[in-house]
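[1] Starting from these lines, generate the structure:
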Amino acid sequence: MDKARTMYRAPYFRTDGSAGPEVTLPDSLFDGAVHEGALHQAIRAYLANQRQGTASKKNRAAVAGGSRKPWRQKGTGRARQGTIRAAQWRGGGRAFPPRPRSWKRRVPKRLRALARTSAFNSRAEAGRVAVIEGFDFETPRTRDLTKLLGKLDRPGKILFLTHGVNRELYLSGRNLPGVRVLPFGAESPYDVVWSGTTIIEEAALAGLGDAPASGGGPRRRPIRRDAGAGPAADGEEG
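    Coordinates of the predicted model:
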């Protein structure tokens, strides 16, 4: 027996910020499944890929000087030392220093798609997804976006997902702390989980029915029915 899908509903706002009737979120994206393992892997990979990997320090071999023994081995009463560039000396090299390296992690396409839907479902399950009719910004102005946020009155950090690139909205919100503006489909699972409320433009959700979600994954190779028969099956065909 197939498990019925969870139908999520979200508050709806008009362009001016006034509230409208609730809308049902499309089940092609909001299917109710939250896979915490996939979400964890995708977020770890995203954060690792933000690292530049350029940290570098010198070990004792790379520090100049220190080729002469600072004092003789015995008879001074002090601990024996071989070089003033050892790790315990001031100005010496570091023990096990960081070296430039790549922190890049690759996430399979299917796992990315599963993590993306899981992130949206986790926000919808908590009632942290809203839909807005559109954005009426003729010119970039942070004051107008601040007024809109006051009318929406949504908790936490705000992630706006627009239908395509909205330059005016992006420029209006880029200097506001706790506000991000991204085209719908360009967000990462981390962006969705980072936000306290995700506000999606209505036109972006309307396009979900026309095209499959990004990251649907490659087709699997079909399995032959007679794969387990072995050479005997080939002999029967002959």
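
[2] what sits against the most centrally placed residue in the chain?
    Central residue of the chain (Cα atoms, centre = their mean): Tyr190, 3.1 Å from the mean position. The neighbourhood of Tyr190, defined by Cβ atoms under 8 Å, 6 or more residues apart in numbering, consists of 42-43, 46-47. Quick note: C-beta positions are derived from backbone N, CA and C, even for glycine.

[3] for Ala62, same thing?
    Here Ala62 is in contact with Gly93 (criterion: Cβ under 8 Å, 6+ apart).

[4] Can you show me the CA trace of stretch 187-205 as CSV?
    Listed next in CSV are the C-alpha coordinates belonging to stretch 187-205 (Å, rounded to 0.1, in the frame of the first residue of the first chain):
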residue,chain,number,x,y,z
GLU,A,187,20.0,27.9,-3.8
SER,A,188,21.9,25.2,-2.0
PRO,A,189,20.4,23.0,0.9
TYR,A,190,22.6,25.1,3.2
ASP,A,191,20.9,28.3,2.1
VAL,A,192,17.4,26.9,2.8
VAL,A,193,18.4,25.5,6.2
TRP,A,194,20.3,28.7,7.0
SER,A,195,17.1,30.7,6.6
GLY,A,196,14.4,31.1,9.3
THR,A,197,11.8,31.6,6.6
THR,A,198,12.0,30.9,2.8
ILE,A,199,9.9,33.1,0.7
ILE,A,200,9.4,31.9,-2.9
GLU,A,201,8.0,33.9,-5.8
GLU,A,202,4.8,32.5,-7.1
ALA,A,203,6.0,32.4,-10.7
ALA,A,204,9.0,30.2,-9.7
LEU,A,205,6.7,27.6,-8.2
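
[5] Can you list the buried residues in that stretch?
    Buried residues in stretch 187-205, defined by neighbour count with 16 or more other Cβ atoms under 10 Å: 187-195, 197-202, 204-205.

[6] Tell me the gap between it and the middle of its chain.
    Here the centre of stretch 187-205 is set off from its chain's centre by 11 Å, with Cα atoms, centre = their mean, to the nearest Å.

[7] circling back to that earlier point, can you list the contacts of Tyr190 in a markdown table and add distance to Leu111?
    As requested, those are exported to a markdown table (distance: Cβ to Cβ, whole Å):
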| residue | distance to Leu111 |
| --- | --- |
| Ala42 | 7 |
| Ile43 | 12 |
| Tyr46 | 12 |
| Leu47 | 16 |
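
[8] Just send those residues back as CSV, with neighbour count too.
    CSV is the format used below for these (neighbours: other Cβ atoms under 10 Å):
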residue, neighbour count
Ala42, 26
Ile43, 20
Tyr46, 18
Leu47, 13
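
[9] In helices only, show me the buried residues of stretch 187-205.
    189-194, 202, 204-205 (DSSP state H).

[10] Looking at the residues you listed, which is nearest Asn166?
    For these, the closest approach to Asn166 (Cβ to Cβ) belongs to Ala204, at 10.4 Å.

[11] State the distance from the closest one to His163.
    From Ala204 across to His163, the span is 4 Å (Cβ to Cβ, to the nearest Å).

[12] try Ala126
    According to Cβ to Cβ, Ala126 stands 24 Å off from His163.

[13] And the protein, split by domain according to the record?
    The record's domain parsing of the chain by automatic domain parsing lists 9-49+107-209, 57-97.

[14] Can you give the distance from the last one to the centre of its chain?
    The reference is to domain 57-97. Distance of domain 57-97 from its chain centroid, counting by Cα atoms, centre = their mean, is 45 Å.

[15] now the closest residue to Leu145 other than its chain neighbours, what's its secondary structure?
    Spatially, and ignoring its direct neighbours in sequence, Leu145 is nearest to Ser172 (4.2 Å; Cβ to Cβ, 6 or more residues apart in numbering). Counting by DSSP: H, G, I helix; E, B strand; the rest coil, the backbone at Ser172 sits in helix.
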